[in-house]
Every structure is written in structure tokens, then in C-alpha cells.
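> kindly return the folded structure for what I paste below:
(4 chains)
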2 protein chains.
Amino acid sequence: MFTFVTNKLRMELSLKIKMNEKLFLRNPEESELGRKIVEFSIILIHRIGFEAFTFKKLAKEISATEAGVYRYFENKHRVLIYIVEWYWSWQEYRLRIQINNIKNPEIKLKKAIRLISTPIEEDISTGHINENLLYEIVMLEGAKSFLTKQVTEDNKAKLFKPYKDFCAYVAKLILECNPKFKYPHSLSSTIVEMAHSQNFYAKHLPSLTDFGNTKEEPKVASFLEDMVFSTIKG
Amino acid sequence: MFTFVTNKLRMELSLKIKMNEKLFLRNPEESELGRKIVEFSIILIHRIGFEAFTFKKLAKEISATEAGVYRYFENKHRVLIYIVEWYWSWQEYRLRIQINNIKNPEIKLKKAIRLISTPIEEDISTGHINENLLYEIVMLEGAKSFLTKQVTEDNKAKLFKPYKDFCAYVAKLILECNPKFKYPHSLSSTIVEMAHSQNFYAKHLPSLTDFGNTKEEPKVASFLEDMVFSTIKG
DNA sequence: TTTAAATAGATAGTAATACTATCATAAAAA
DNA sequence: TTTTTATGATAGTATTACTATCTATTTAAA
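This is a model prediction of the structure:
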């Protein structure tokens, strides 16, 4: 699922995430053009939004041809699923590292909540993928990957596996805290979705939240923590 | 905000909801063509999904011209906001009726949760609008009304007022139950969003929930109730 | 009652989108 | 060295997302 690749020139370790092959026509990780398509899809979707994003604009951005992009991805919706699901694989990987060696299930769950509800501010960049931009894309466009008429079909093709795996992992952490809790999966998907939604609201529809824009005010993580631990304790 | 109109022929009372004038170019409530546009937008979006929905297809469906539809709405995104916000006005109206005369704040909040998390099964139809289809549209397409790059602009034009008012009303009910609760708005938007999302997951991505498809199994409402009352009690 | 205004239909047209197809060339693998 | 594979270059099509114009009809005002 996760592999490490050493960059020969700079001797950095870079993370390689194996993506579902049904997501693409040609694996974008295996060529310069493919990597550029992913890299600049993220930049361009972040800049102009998914609706305005087209393969023609992307091709122009990377000095390639539209036909060239179509050789990698069937359509822009597949690109969206690709990058969003990459994000969830990456987050699961980060989470597993963070809670490695921790025994206390409550601390583990808290770390999980912090991880997904804290917008990425430091300049992280795994290879060609900019995770800072990716966080904002998941916030604004993430839900569009499954809110479609083809959701059942896409789900059968296992396109959402990383997202569902992430939620299942959090559900497991919830059950570790209280094995008798009745709704681990629903609570898990609630916090995973709300981590991003509440940050989106805070930024764009602040009256839907209790968070100000200043750094001192209560954070999404605190709200979700309170909610989760009250709920699982009953 | 809400007015009643008597249909002269059938002597039924039908609800008229006053919509923000910035949402349309010509008020669709004031003409036969306008009402047909709204009625069949709901039917068509429900049938083929918002992405595939076009004004040309809509015009064909109602034997009108594409140009005719453009005289009412700037674009299909405005139509989506129109019907989704109509839904929230309608739900606030239903909620106010349902909890009218009830004193106990917890019962009021429970009624609110039931209202939004129970898919509409009975054959309700206010005038030309089919609320059963509308519930499903809000579930699948609702979030797309604000998950755009223009969210700030649209919000300034008060296009999302009914949605925000509904959430504010639920937040008030939460505060009535516990005036000291720290996150009434975030909890409110969480349950309002999750009421629809969890029903969507149950239908299309069941592993994200703990609900089966059978009628006997636990319901979204029960999960949200447990979560809300645990949370506000701390 | 005449006149003017508003509404809708019919039709045409345009730029952009979302693709598919073909051919040539360069680079990499057999 | 031959063959495969990847990319570029170019063209073309149906659909989308509009805008514009002209006419017929209905409604409201003078």
C-alpha cells in the first residue's frame, strides 16, 4: 500500500502511494508527463475550482496537449477522485505513524481528530504533490467525488476504498475507546466529514460555526473532541 | 416569509415561500412557465443528476425553448440554489408548526432531528413542488450549492439565508436545552448536514454507517439524537 | 378602444467543453 | 536493429452554455 522511493539526486525519501488502477488509463506515477498532470491538476483545481477546471487549461499549463492528458485520465472527475483518494491514503499513513507505539486508545483517537481537522499550514510536499493545496481541495471539492449519480458504480469499482478505509480505521479507534458503542461507523464518517466541513464553514460561512478567524479562538478539533468523547461515553 | 394562497378551483391551501430576488431574473412563481421550470427542474435533476442537467433538456421536457428558461434563471447553478433554499424555507416552516405549543426544549430538539433525518416517504406535494424528490436532491446535490469558488459572493448576496436561518433556529433549540453549551452553531450545522449525509451513505456507501436497509434497524435519527444529547450534556 | 408594454416562441449564432481519431516522430525496450 | 511505447500535432464532432433578434400573443394602461 505504501512504499518508499529514494530520489537519487537529492537523497530524500519520498512516499509512493499505490492507487487503484481503475482510476486511470495510464499510471501517472510512472512518467514525467503523468506526474505533471497530477501536480498541476492540484494547483489548477485549487486556483480556479473544479467546475472551471478543464483538460485543455491543464494541458496549456504544463505545455502538453489535451489528447496527452486524456491518455492518462478518462475525464476530470476521475482526476478528482484520484487526488482526493490519494489524500486519504496519505492521511491514513500519517495517522498510523503518529499513533504508532501509543497504547492509550483515547489519545489515539484524539490524534486522529487533530490530524484531519487541522488545516495543513507548514510547507509539506511529498514529491510533486502539494499537500497544503490538497487539504483545501478536499475541503471544497472532496464531497463532489462521490456526490454523483454514478456513486454506486464507482463504489463497486472500489474507487473510494482509501476514504472508506480511513473511516473504518477511525471507527476502530472509536471501538477501542468503547467496545459497546452502537454507532462507530456513523460517528467516524461524521467526524471525518465535519473536520473538513467545519473548517470550510469557518472560512466561508462563519455563522454556521462557533469559530472565529483568529488563532486563539476555539478550534474545530476541540469541538469534535468534545462531541466524540461525550458521545462514546453516552 | 411564508404566505398561504387559496387555489380557486380546488380550494386547497397551498404554501407560498418568498424567495430571494437575486436568485432569479424573473420570478418563477408568477407564471405558468416559471412554475413549470421549477417543477421539472426538480424532476429532471432527480432523474439524471445535476451535472447532466441542462436548460436545453429541461426546455424539451416542458415543451418550451432554451431561451425561455434563460429568461428566468441565469444558469443551472442558480436553479439548484433556488430549489435547495426553497427546501430549507419549507423545512423551517414545517418545524415551526411541529414544535408550536411544545414547551419542553428537549422534545423540540428531538422533533427537529426527526424532521430532517427522516426521508420523506408519504406523498407530500405543495403545489407544483414534489418534496419527496426534493429531499433526495438535497441529499445528493445540496452541498454543491455552496461548495464553489463563488461561495463568498453568493453568501454576500444572501442566497443561503434560508439554510443559515434553519441552522440558526436549530442552534437556538440547542441553547434552550443547555444555555452554557459552547458550540451550538457547529453542532447545529453538524446535525443538519449529517441528517442528509448519513442517509446518503446508508443508501450508497453503507460501510460508512451502522444502518442497514431494513426498516427495523437503527435509524439516522437515533444516532443523531444520542450524539446531540450526549454532547450538550457534556 | 386603442396603444403600449410585457411575455413567450422560433430561430440563429458563438465560444467553450468534452471528448475521439489519425498521423508522425522520438525515445526506450526487446 | 527492430519493434513497441509515449508523446506531439492536428483535426474534427457533438454538446454545453450561453446571447441576440425577430415575431406573435397576451395583458395592462391611456
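> could you look up the SS state of A:Arg96?
Under DSSP: H, G, I helix; E, B strand; the rest coil, A:Arg96 falls in the helix class.
> what's the burial count for it?
11 (other Cβ atoms under 10 Å in any protein chain shown). For glycine as for every other residue, the C-beta is placed from the backbone atoms N, C-alpha and C.
> ok, A:Glu39 next?
Neighbour tally, A:Glu39, other Cβ under 10 Å: 20.
> which residues does it contact?
A:His128, A:Ile129, A:Asn130 (Cβ atoms under 8 Å, 6 or more residues apart in numbering or on different chains).
> try it again at 6 Å.
Applying Cβ atoms under 6 Å, 6 or more residues apart in numbering or on different chains to A:Glu39 gives the contacts A:His128.
> distance of it relative to B:Glu30?
Distance, A:Glu39 to B:Glu30, by Cβ to Cβ, to the nearest Å: 51 Å.
> likewise for A:Asn132?
From A:Asn132 to B:Glu30 the distance is 48 Å (Cβ to Cβ).
> so between those two, which is more surrounded?
A:Asn132 (16 against 9).
> contact partners for A:Pro184?
A:Ala171, A:Ile174, A:Leu175.
> highest neighbour count among those?
A:Ile174 (24 neighbours).
> distance of it from DNA strand C?
For A:Ile174, the distance to DNA strand C (Cβ to the nearest atom of the strand, to the nearest Å) stands at 38 Å.
> give me the nearest residue to that residue, chain neighbours excluded.
The spatial neighbour of A:Ile174 that comes closest, neighbours along the chain excluded (Cβ to Cβ, 6 or more residues apart in numbering or on different chains), is A:Pro184 at 4.4 Å.
> show the pLDDT at the nearest residue to A:Thr152 once chain neighbours are set aside.
Spatial nearest neighbour of A:Thr152, chain neighbours left out: B:His204 (5.7 Å); criterion: Cβ to Cβ, 6+ apart. On pLDDT, B:His204 comes in at 97.
> from what I see, B:His204 and A:Glu153 are in contact.
No - counting by Cβ atoms under 6 Å, B:His204 stays clear of A:Glu153, with 10.2 Å between them.
> looking at those two, which one has more neighbours?
Shown here are B:His204 and A:Glu153; by other Cβ under 10 Å, B:His204 has more neighbours (18 against 10).
> residues from chain A in reach of chain B?
A:49, A:140, A:143, A:147, A:149, A:151-152, A:155, A:164, A:167, A:183, A:185-186, A:189-190, A:194, A:198, A:204, A:207-210, A:223, A:227, A:230-231, A:234 (Cβ under 6 Å from any Cβ of the partner chain).
> what about A:Ile43, how many residues nearby?
Neighbour count for A:Ile43, taken as other Cβ under 10 Å: 16.
> list the buried residues for stretch A:45-53?
By neighbour count, with 16 or more other Cβ atoms under 10 Å in any protein chain shown as the criterion, the buried positions of stretch A:45-53 are A:Ile45, A:His46, A:Gly49, A:Phe50, A:Glu51, A:Phe53.
> now for these, which pair is the farthest apart?
A:His46 and A:Glu51 (13.2 Å; Cβ to Cβ).
> distance check, the residue nearest to A:Thr152 against DNA strand C.
From B:His204 across to DNA strand C, the span is 22 Å (Cβ to the nearest atom of the strand).
> tell me who's in contact with the residue most central in space within chain A.
The centre of chain A sits closest to A:Tyr87, judged by Cα atoms, centre = their mean, with a distance of 3.2 Å. Residues in contact with A:Tyr87, defined by Cβ under 6 Å, 6+ apart, are A:Leu134, A:Val138.
> gap between A:Ile37 and A:Leu159?
18 Å.
> so the two - more neighbours on which side?
Neighbours per residue (other Cβ under 10 Å) separate A:Ile37 from A:Leu159, with A:Ile37 holding more: 28 against 24.
> need the pLDDT of the more buried one.
98.
> isn't it up against A:Tyr72?
Yes - with contact defined as Cβ under 6 Å, A:Ile37 counts as touching A:Tyr72 (5.4 Å).
> and for those two, which residues touch both?
Both A:Ile37 and A:Tyr72 are in contact with A:Pro28, where contact means Cβ under 6 Å, 6+ apart.
> next to DNA strand D, which bits of chain A? Give me the list.
Contact residues, chain A versus DNA strand D (Cβ under 7 Å from any atom of the strand): A:Arg26, A:Ser31, A:Glu32, A:Leu33, A:Gly34, A:Ser63, A:Ala64, A:Thr65, A:Glu66, A:Ala67, A:Gly68, A:Arg71.
> what strand or helix carries the fourth one?
Using DSSP states H and E, the element containing A:Leu33 is helix A:32-48.
> can you check the first one too?
Under DSSP H and E, no helix or strand contains A:Arg26.
> phi, psi for it please.
Main-chain dihedrals, A:Arg26, degrees, to the nearest 10: phi -130, psi 140.
> now it, nearest residue through space, not along the chain?
A:Tyr72 (5.0 Å).
> who's in contact with that neighbour?
Contacts of A:Tyr72 by Cβ under 6 Å, 6+ apart are A:Phe24, A:Leu25, A:Arg26, A:Pro28, A:Gly34, A:Ile37.
> which of those count as buried?
Judged by 16+ other Cβ under 10 Å, buried ones among the contacts of A:Tyr72: A:Phe24, A:Pro28, A:Gly34, A:Ile37.
> my guess is the third one contacts A:Phe24, does it?
No - in this structure A:Gly34 lies outside contact range of A:Phe24 using Cβ under 6 Å: 8.2 Å.
> just give me the neighbour total for A:Pro179.
9.
> so it, which of the three states?
Under three-state DSSP, A:Pro179 comes out as coil.
> can you give me the distance of it to B:Lys111?
32 Å.
> do A:Val151 as well
30 Å.
> neighbour count: these two, which is higher?
Set side by side, A:Val151 and B:Lys111 show more neighbours around A:Val151, with 19 against 15, by other Cβ under 10 Å.
> which residues touch the more buried one?
A:Val151 touches B:His204, counting by Cβ under 6 Å, 6+ apart.
> could you check how far it is from A:Ala64?
Taken as Cβ to Cβ, the span from A:Val151 to A:Ala64 is 31 Å.
> now A:Lys144
A:Lys144 is 25 Å from A:Ala64, by Cβ to Cβ.
> all set, thanks.
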